[in-house]
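Engineer: Requesting a structural model of the entry that follows:
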Amino acid sequence: MIKANNTLSFRVSSGLKNLIGRDLISDKYIAVFELVKNSYDAGASKVSISYLVSDVGKIIISDNGSGMTYNDIIQKWLFVAYSEKKLQNRSKSSFREEIKREVAGAKGVGRFSCDRLGASLQLITKSKSDFRAHVVDVNWNRFELDDTKEFIEIPVDYFQTNQLPSGFLNGTSLIVSDLRETWDRDSLLRLKRSLMKLISPDADKGELPFDIEIVVPSEKENDEKLLAEYKKDQEKDKTSR
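Structural biologist: Numbers count the residues shown, from 1 in each chain. Sure, this is the predicted structure:
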């Protein structure tokens, strides 16, 4: 029997993952940009982006920011569309004043950029107060098996490890594998140009420095060849004068 007066509530399909992930984030450059913005907002002074060529490909984004506690993971990272960076959710601590930065993003969906890049994600994070690092394994394909399942029914795996793979004492590492697209040299150079927008021109005015490093072992040989050719051309210019 249908009650004349009642309250109803929305249900959320596991298909929401695509709506706020791959469908919303239009390309791989924006996906990486959003993730690096998260590092910036976490107070990191250094971010390393590694692209490893293998059968499935792998991108690793590591920073030395504030990292997350177990409660942060449960209450914030796994809380879909929640963003602590929104004005009404910001902590009353002096963290933002200490790093002298305004937030670069506040949509609360940047974590789904990982899905735009690859089918598998391993989040490894550690705050200054933690003795061990927290690890969350996410298989995004699980969310695509049955849209009649509710979002909260899809499990993600959790465990702990002794330290961050980056070697930083605190911060976050995102290991994205089973990449959906390859990254050739032109793509990597385009990514580099995009990320230059996040390097603050005011670093010499008191703002915490923010360095971005892109590491691509497979391109090292090409870089050395180009550098050798450049030096050779420079020597020719000197002798021709």
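
Engineer: where do the helices sit along this structure?
Structural biologist: Listed in chain order, the helices of the chain (DSSP state H) span 16-19, 28-41, 70-72, 95-99, 113-117, 185-195, 220-240.

Engineer: Tell me what angle the second one forms with helix 185-195.
Structural biologist: Relative orientation of helix 28-41 with respect to helix 185-195: 40 degrees, computed using axes from the mean of the first three to the mean of the last three Cα atoms, to 10 degrees.

Engineer: what residues does helix 28-41 touch?
Structural biologist: For helix 28-41, contacts defined as Cβ atoms under 8 Å, 6 or more residues apart in numbering pick out 25, 47, 49, 59, 61, 63, 65, 85, 101, 103-105, 110-111, 113-114, 116-117, 171-172, 174, 180-181, 183, 187, 190-191, 194-195, 198, 210, 212. Heads up, the C-betas are built off the backbone N, CA and C, glycines and all.

Engineer: buried ones in it?
Structural biologist: Of the residues in helix 28-41, 28, 31-41 count as buried by neighbour count, 16 or more other Cβ atoms under 10 Å.

Engineer: related to what we said a few turns ago, let's see which of the contacts of helix 28-41 end up in strands.
Structural biologist: Residues from the contacts of helix 28-41 lying in strands, with DSSP state E as the criterion: 47, 49, 59, 61, 63, 171-172, 174, 212.

Engineer: Could I have the buried ones of the residues you listed as PyMOL selection syntax?
Structural biologist: Listed next is the PyMOL selection for buried residues among the ones in strands among the contacts of helix 28-41, using 16+ other Cβ under 10 Å:
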select buried, resi 47+49+59+61+63+171+172+174+212
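
Engineer: By mean pLDDT, point me to the weakest helix or strand of the chain.
Structural biologist: helix 95-99 (a mean of 48; mean pLDDT, DSSP states H and E).

Engineer: And the ones in strands among the contacts of helix 28-41, which two are furthest apart?
Structural biologist: The most widely separated members of the ones in strands among the contacts of helix 28-41, counting by Cβ to Cβ, are I59 and G171 (16.5 Å).

Engineer: Point out where the protein drops to low pLDDT.
Structural biologist: Along the chain, the parts satisfying pLDDT under 70 run over 1-2, 83-108, 199-207, 223-241.

Engineer: let's go with 80 and repeat that
Structural biologist: For the chain, residues meeting the criterion pLDDT under 80 lie at 1-6, 54-56, 81-110, 197-208, 220-241.

Engineer: Please tell me how far the residue positioned nearest the centre of the chain sits from K149.
Structural biologist: Nearest to the mean C-alpha position of the chain, by Cα atoms, centre = their mean, lies L35 at 2.8 Å. According to Cβ to Cβ, to the nearest Å, L35 stands 27 Å off from K149.

Engineer: do S54 as well
Structural biologist: Distance of S54 to K149, given as Cβ to Cβ: 31 Å.

Engineer: cool, A4 as well?
Structural biologist: Distance from A4 to K149, by Cβ to Cβ: 31 Å.

Engineer: Pick out whichever of the two has more residues nearby.
Structural biologist: Set A4 next to K149 and count neighbours by other Cβ atoms under 10 Å: K149 wins out with 14 against 5.
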